[in-house]
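Q: Make a model of this:
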Amino acid sequence: MAVAGVGSPLRRDDFVGVEVVRGLWGRVSGSVYLAECETTPESFAGLIAEFRPTHVLVIDSAMLGLRPGCWRLIEPREIVGAAVSTHALPLGILCEYLAETTGARVALLAIQPKDTGFGEGLTPELRETTDGLADLLVELLPK
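A: Purely as a prediction, here's the structure:
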C-alpha cells in the first residue's frame, strides 16, 4: 500500500493531503509507503512503483462543491479529463500512470477545501478533517 499526499504548503487548505500523510508517520507499518509529494507528485511516481504496492491512495484537496472538510473517494476513471484539483497537475493522468506502472488499484481521496488562498496553515475545518482522516486510515492500514 502507498499513500501519497499532494498540495502546496503556501496555499492554506491545499496542503491537506500532505497533512493527512504526516498524521500517519509512526502509526502504520513499514508495509505502507508514505509520500509527502507536495506540488510534485510526479516526482514520486517512480519511487511508488519501485515499492510495488497493491493499492495507491492519493490524497489531495479538490473542488467538489461540498462543505469544507467533506471528502469523497474517487476512482481514477472519474477524474480523467476533469479538473478537480486546486492546482495544475492533472491527477487523473498521475493516477492512470500509477495504475499502469504498478498494477495497483489507485484511488483519489479528494477533500473539499475552504481556503486555497496564499498563506500557511489549514483552516479549523480542514484541521479537524485531517486529524479524523489520519485516525481512520490508521485503523484501516497495517500497523
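Q: going forward, measure contacts and count neighbours with C-alpha atoms only.
A: Noted.
Q: hey, where'd the strands end up in this protein?
A: For the chain, strands defined by DSSP state E occupy the ranges 2-6, 33-38, 55-61, 71-74, 105-111.
Q: Show residues contacting the last one.
A: Same thing as strand 105-111. Under the contact criterion CA atoms under 8 Å, 6 or more residues apart in numbering, strand 105-111 has outside partners 16, 54-64, 68-76, 95-96, 98-99.
Q: Write the ChimeraX selection for whichever of those residues are buried.
A: In ChimeraX, selecting the buried portion of the contacts of strand 105-111, with burial taken from 16 or more other CA atoms under 10 Å, looks like this:
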select :16,55,56,57,58,59,60,61,62,64,68,69,71,75,76,95,96,98,99
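Q: Spatially central residue in this structure, please.
A: Of all residues in the chain, the one closest to the mean position by CA atoms, centre = their mean is I59, 1.1 Å from it.
Q: Just checking, which helix or strand of this structure averages the lowest pLDDT?
A: Between all helices and strands in the chain, the lowest mean by mean pLDDT, DSSP states H and E belongs to helix 76-79, at a mean of 74.
Q: tell me the angle of the lengthiest helix in the chain relative to strand 2-6?
A: Across the chain, the helix with the greatest residue count (assigned by DSSP state H) is helix 124-140. Our comparison of helix 124-140 with strand 2-6, counting by axes from the mean of the first three to the mean of the last three CA atoms, to 10 degrees, yields an angle of 170 degrees.
Q: shift numbering so it begins at 23
A: With 23 as the first residue, the last one maps to helix 146-162.
Q: Would you mind checking the average pLDDT for helix 146-162?
A: Taken as a whole, helix 146-162 carries a mean pLDDT of 97.
Q: now stretch 40-49
A: The pLDDT scores in stretch 40-49 average 98.
Q: Can I get the longest helix of the chain in CSV, CA atoms only?
A: Listed next in CSV are the C-alpha coordinates belonging to helix 146-162 (Å, rounded to 0.1, in the frame of the first residue of the first chain):
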residue,chain,number,x,y,z
PRO,A,146,-10.0,24.8,11.5
GLU,A,147,-12.5,22.8,9.4
LEU,A,148,-9.7,21.2,7.4
ARG,A,149,-7.5,20.6,10.5
GLU,A,150,-10.4,18.7,12.0
THR,A,151,-10.8,16.7,8.8
THR,A,152,-7.1,15.9,8.6
ASP,A,153,-7.0,14.6,12.2
GLY,A,154,-10.1,12.5,11.6
LEU,A,155,-8.9,11.0,8.3
ALA,A,156,-5.5,10.2,9.7
ASP,A,157,-7.1,8.3,12.6
LEU,A,158,-9.5,6.5,10.2
LEU,A,159,-6.6,5.5,7.9
VAL,A,160,-4.6,4.3,10.9
GLU,A,161,-7.5,1.9,11.8
LEU,A,162,-7.7,0.6,8.2
